[in-house]
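A.B. asks: Got a sequence here, can you build the structure:
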Amino acid sequence: MGDKSNKILVFTTAYRPLIGGSEIALEETIKRLPEFFFEIITPRYSGQFPKMETGDNFRIHRIGWGLKLDKYLFPVLGFLRARSFSGIRIVHAYQASYGAGAAWLLRVFNPKLILVLTLQEGKKLDSQKYLIRFFRKLIIKKADSVTAISRYLAGYASSLNK
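C.D. replies: Predicted coordinates for the structure are as follows:
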């Protein structure tokens, strides 16, 4: 059972019951680090999804109203929800997207937090719209550590930090 004094706050734009690459990676991380307790914040997406779910070493907080709109409000709603947690020193964001936007905001207001960002995007990042590239750059630059699932993503992150 995870030690609740040894917490990691996770922001992910999608999570259970939605499953994809990032979600599987997070599941595996939680299984392999039982000494940590993971507070996971994700949009709710559907009113049928429970607002909260708890396991041995994790608690999922689904925020919003169960609408597609929850994703777009996630940077602000996730940030506001995260402010209620105590004892958090590490924040981990999966993908430089809406969830990482919440992590970025939290880090701006709490500069002592350690921000880890995992890049798992499956897109050609340089060809996306300017606003998306602008915010992704802010997020990557604010991270203390960036992990990536490919050389392409690692190179992309490295090129922004020059």
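
A.B. asks: Give me the below-cutoff pLDDT ranges for this protein.
C.D. replies: 1-4, 122, 162 (pLDDT under 70).

A.B. asks: Contacts only, for residue 72.
C.D. replies: For residue 72, the contacting residues are residue 98, by Cβ atoms under 8 Å, 6 or more residues apart in numbering. The C-beta positions use only the backbone N, C-alpha and C, and glycine is treated the same way.

A.B. asks: Return the set of buried residues in the helix or strand hosting it.
C.D. replies: For residue 72, the element it lies in under DSSP states H and E is helix 69-82. Within helix 69-82, the residues scored as buried using 16 or more other Cβ atoms under 10 Å are 70, 71, 73, 74, 75, 77, 78, 79, 81, 82.

A.B. asks: Need the max-distance pair from the residues you listed.
C.D. replies: 71 and 82 (16.5 Å; Cβ to Cβ).

A.B. asks: What is the next helix or strand along the chain from the helix holding residue 72 packed up against?
C.D. replies: Using DSSP H and E, the helix or strand that follows helix 69-82 towards the C-terminus is strand 88-94. When contacts are defined as 3 or more Cβ pairs under 8 Å, 6 or more residues apart in numbering; DSSP states H and E, strand 88-94 packs onto strand 3-12, helix 21-32, helix 98-109, strand 114-119.

A.B. asks: Next, the contact list for the nearest residue to residue 107 once chain neighbours are set aside, please.
C.D. replies: Nearest non-adjacent residue to residue 107, counting by Cβ to Cβ, 6 or more residues apart in numbering: residue 115, 4.7 Å away. Contacts for residue 115 (Cβ under 8 Å, 6+ apart) come out as 91, 92, 93, 103, 104, 107, 142, 143, 144, 145.

A.B. asks: Considering those, which is situated nearest to residue 58?
C.D. replies: residue 92 (12.3 Å).

A.B. asks: For beta bridges, what are the partners of that closest one?
C.D. replies: Beta-bridge pairing for residue 92 (DSSP bridges): residue 10, residue 116.

A.B. asks: From what I see, it and residue 114 are in contact.
C.D. replies: No - the criterion here is Cβ atoms under 8 Å, and residue 92 misses it with residue 114 at 9.0 Å.

A.B. asks: Among these two, which residue is more densely surrounded?
C.D. replies: Applying other Cβ atoms under 10 Å to residue 92 and residue 114 shows that residue 92 carries more neighbours, namely 24 against 14.
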